[in-house]
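Trainee: Sequence and predicted structure, then a few things I'm wondering about:
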Amino acid sequence: GESVGLHLPTLSVQEGDNSIINCAYSNSASDYFIWYKQESGKGPQFIIDIRSNMDKRQGQRVTVLLNKTVKHLSLQIAATQPGDSAVYFCAETSSGGTSYGKLTFGQGTILTVHP
Amino acid sequence: NAGVTQTPKFRILKIGQSMTLQCTQDMNHNYMYWYRQDPGMGLKLIYYSVGAGITDKGEVPNGYNVSRSTTEDFPLRLELAAPSQTSVYFCASGDRGHYGYTFGSGTRLTVV
């Protein structure tokens, strides 16, 4: 079946740097994309989402970019902090029909922030 | 506001044993989901529910069963535990149009 995947399994950055985590998706019917953060021993935590009628959305220190032409999604974290160290997952779904919001997750990228 | 509560947090089962993983949410969400996460992998959908009395299979339903008698509760049942079911199980809830779901803290299950 179609799935969401990530380009980089690990990313190491220095504190204060900007981080970029990438994600490729293959389901052209997907119109809603979400980024989750998962800290060790915890459940995924919602970070930011974007609908397919947008190409950019900003939150607090995070920005999600969507390129529908090449089916690519990225999460940018500004001024990365040690507390940002976690596994980051992208997920996609179709908001219509009988999808019922079922999310398809990518494998995840491990972000390590060095002080 | 507790959000999504899962119990137990940890469990070791012997092959062939049964157990129920509990999930309760207090946000009055209609949609609830069970995912499993194997080491180093993303989450895979086991079962989901769009409201009380309505459930359906996800990507990996074999070996599991669910029920949804109330809006708040969505238990996951393992009837005959197998080593392949060793995983971390997450319950999540949300609503139509708002897919940034709230996840529970997970149940780590080991089948030996």
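Mentor: Received it, and whenever you're ready, just let me know what you need. Residues are numbered from 1 along each chain as shown, chains lettered A, B, ... in the order given.
Trainee: From now on I want contacts and neighbour counts done on CA atoms only, so please keep to that.
Mentor: Will do.
Trainee: Let me know the next secondary structure element after the helix or strand of chain A with the lowest mean pLDDT.
Mentor: When the helices and strands of chain A are scored by mean pLDDT, DSSP states H and E, strand A:4-5 comes last with a mean of 52. Using DSSP states H and E, the helix or strand that follows strand A:4-5 in sequence is strand A:10-14.
Trainee: Report the buried residues of that next one.
Mentor: Applying a neighbour-count criterion of 16 or more other CA atoms under 10 Å in any protein chain shown, one finds A:Val13 buried in strand A:10-14.
Trainee: Grab the CA positions of it and hand them over as PDB.
Mentor: Extracted in PDB, the C-alpha atoms of strand A:10-14 (Å, rounded to 0.1, in the frame of the first residue of the first chain):
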ATOM      1  CA  THR A  10      19.100  10.400  12.100                       C
ATOM      2  CA  LEU A  11      20.000  14.100  12.500                       C
ATOM      3  CA  SER A  12      22.500  15.600  14.900                       C
ATOM      4  CA  VAL A  13      22.700  19.300  15.400                       C
ATOM      5  CA  GLN A  14      24.300  21.800  17.800                       C
END
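Trainee: Parallel or antiparallel, list what pairs with it.
Mentor: Looking at strand A:10-14 with DSSP bridges, its partner strands are strand A:109-114 (parallel).
Trainee: what about the residue nearest to the spatial centre of chain B, distance to chain A?
Mentor: The centroid of chain B falls nearest to B:Trp34 when counting by CA atoms, centre = their mean (3.1 Å). Relative to chain A, B:Trp34 is positioned 10 Å away (CA to the nearest CA, to the nearest Å).
Trainee: Run a quick neighbour tally on A:Gly59.
Mentor: 11 (other CA atoms under 10 Å in any protein chain shown).
Trainee: Not counting its neighbours along the chain, what's nearest it?
Mentor: In space, not counting the residues next to it along the chain, A:Gly59 is nearest to A:Ile48; the distance is 7.0 Å by CA to CA, 6 or more residues apart in numbering or on different chains.
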